[in-house]
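Visitor: Provided below for reference: sequence and predicted model.
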Amino acid sequence: MEILYSEVFKGHKPLRYHPENPKRLEFAIEGLKERDLWINVEEPPRAEINDILKVHSNEYVKKIQGLSESGFSFIDLDTYVSLHTWEAALTAFGASMQVAKLALKKKDVYLALIRPPGHHAGKKGRALGAPTLGFCIFNNAAGAALTLKEKAGKVVIIDFDVHHGNGTQDIFWDDGDVVHIDLHESGIYPGSGDIYEIGGRGAEGSKINLPMPHYSKDDDYVFVWQEIVLPILEDIGPRAIVVSAGFDAFKGDGLATMELSERF
């Protein structure tokens, strides 16, 4: 496994306590070190503005840049921008693009350990009627997916964050070459991700939403994975897979009711 990480990501930080803070990275790094996985760590490249504009509107990108240069502010009730958010967000997007490129060169697992998060960020920011951006700035998974698409054709994104990746769905809604499989808790923020949301005209069937019941456990996820996700992957046979990884479906996380563990 190769890890792309930068201390720059800690520059995106709140003025007071907020659930999306640099401690998230510290906990992840601690866990990797405990398992002797904190090796092959590299500094990621920084994305260019034109890379971001392939995913987001110019108006939204300029808004984030301006807010960051001005200091600290809240975009909405959930999501903040700080003085170093712009640099962190460009580097996070660049890391996501880079892991896609590396995966095509050599078969392995590549981890972009990044902040700020991104899967709730749509083309113009808030997506599919969501009340907020849900802590997200630029859609990093979308950057990785477009990189793969340009070089390998059909792309698969698997998102297992407890919340639906509404921003990712918004960006690729009409793109049948990007298959977006999303496992999430039903009936919570951001309010999208119904099974009938299957893609726009010409892209029907490329958006596969798997809303899970409240209090779902390991066995429930394993069943869905074996019965639905794996057959789709076997049918498509992608050269690489983008995993949009959120770990808030673990039991006791506090933001949802799922009860996943590490026993598998």
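Guide: It's in. Residues are numbered from 1 along each chain as shown.
Visitor: Would you tell me which strand is longest in this protein?
Guide: strand 178-185 (DSSP state E).
Visitor: residues in contact with that one?
Guide: 145, 149, 154-165, 168-169, 172, 193, 206-212, 214, 216, 221, 224, 229, 232, 236, 249, 256-258 (C-beta atoms under 8 Å, 6 or more residues apart in numbering). The way it works is simple: take the backbone N, C-alpha and C, and place the C-beta from them, glycine included.
Visitor: Parallel or antiparallel, list what pairs with the helix or strand just after that strand.
Guide: Per DSSP states H and E, the first helix or strand lying C-terminal to strand 178-185 is strand 207-212. Paired with strand 207-212 in the same sheet, following DSSP bridges, are strand 178-185 (parallel).
Visitor: Test my guess that Asp78 contacts Thr132.
Guide: Yes. Asp78 is within contact range of Thr132, at 4.0 Å (criterion: C-beta atoms under 8 Å).
Visitor: returning to that earlier point: please export the alpha-carbon coordinates of the longest strand of the chain; CSV is fine.
Guide: The C-alpha trace of strand 178-185 is given here as CSV (Å, rounded to 0.1, in the frame of the first residue of the first chain):
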residue,chain,number,x,y,z
VAL,A,178,-19.1,6.6,-14.3
VAL,A,179,-20.8,3.9,-12.3
HIS,A,180,-21.5,5.2,-8.8
ILE,A,181,-22.4,2.6,-6.2
ASP,A,182,-23.4,4.2,-2.9
LEU,A,183,-24.1,2.3,0.4
HIS,A,184,-25.5,4.7,3.0
GLU,A,185,-28.0,4.9,5.9
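Visitor: gap between the longest helix belonging to the chain and the chain center?
Guide: In the chain, taking DSSP state H as the definition, the longest helix is helix 85-105. Offset of helix 85-105 from its chain centre (C-alpha atoms, centre = their mean, to the nearest Å): 12 Å.
Visitor: and it, what does it pack onto?
Guide: strand 2-4, helix 49-52, helix 58-70, strand 110-112, helix 140-152 (3 or more C-beta pairs under 8 Å, 6 or more residues apart in numbering; DSSP states H and E).
Visitor: Is it possible to get JSON lines of these that adds distance to Leu104 and mean neighbour count?
Guide: Written out in JSON lines, the entries for those read as follows (distance: least, C-beta to C-beta, whole Å; neighbours: other C-beta atoms under 10 Å):
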{"stretch": "strand 2-4", "distance to Leu104": "13", "mean neighbour count": "21"}
{"stretch": "helix 49-52", "distance to Leu104": "17", "mean neighbour count": "15"}
{"stretch": "helix 58-70", "distance to Leu104": "26", "mean neighbour count": "16"}
{"stretch": "strand 110-112", "distance to Leu104": "10", "mean neighbour count": "23"}
{"stretch": "helix 140-152", "distance to Leu104": "6", "mean neighbour count": "24"}
